[in-house]
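Trainee: The following block contains a protein sequence and its predicted model.
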Amino acid sequence: MKEIKGEYKLIEFYATWCPPCRTLGNTITSIEKKNENLNIQRIDIDSHPGLALHFGVRSIPALTLLRGETEIWRHSGMISKPELVSLLAKHLDNK
């Protein structure tokens, strides 16, 4: 996949056995529908442990926001939808 300069990517690290991950996943799905300039990628840490290691994920759920290849925000654990929407709005180019 070709990277587009200025493109934002939100990476969600989760596991299928993790109840908080399922809850956060539902929140992210609803946010995804309203943010066309946000590319969301979901990574199951059990299926892709190397990616979790590469990004330094130590607990789940975990979120990493990238602009291009640069990490600009990271969060581990649960986060409320209003708080996540607010944090993402601070970073996204709402063009």
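Mentor: Everything's here; your move.
Trainee: Quick one: residues contacting the residue lying closest to A52 once chain neighbours are set aside.
Mentor: The spatially closest residue to A52, leaving aside those adjacent along the chain, is I45, at 4.2 Å (CB to CB, 6 or more residues apart in numbering). (Each C-beta comes from the backbone N, C-alpha and C, glycine too.) By CB atoms under 8 Å, 6 or more residues apart in numbering, the residues touching I45 are F13, Y14, A15, L51, A52, V57, I60.
Trainee: Kindly recompute the last result at 10 Å.
Mentor: 13-16, 18, 21, 51-53, 55, 57, 60-62 (CB atoms under 10 Å, 6 or more residues apart in numbering).
Trainee: Next, format these as CSV and append distance to S86.
Mentor: Listed next are those as CSV, based on distance: CB to CB, whole Å:
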residue, distance to S86
F13, 21
Y14, 22
A15, 26
T16, 28
C18, 24
C21, 21
L51, 27
A52, 26
L53, 30
F55, 23
V57, 23
I60, 22
P61, 18
A62, 19
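Trainee: Among these, pick out the one closest to T27, please.
Mentor: In terms of CB to CB, no member of the contacts of I45 lies closer to T27 than P61, at 9.8 Å.
Trainee: hang on, the earlier thing: can you select the buried ones from the contacts of I45 in ChimeraX?
Mentor: ChimeraX command restricting the contacts of I45 to the buried ones, with burial defined by 16 or more other CB atoms under 10 Å:
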select :13,14,15,18,21,52,55,57,60,61,62
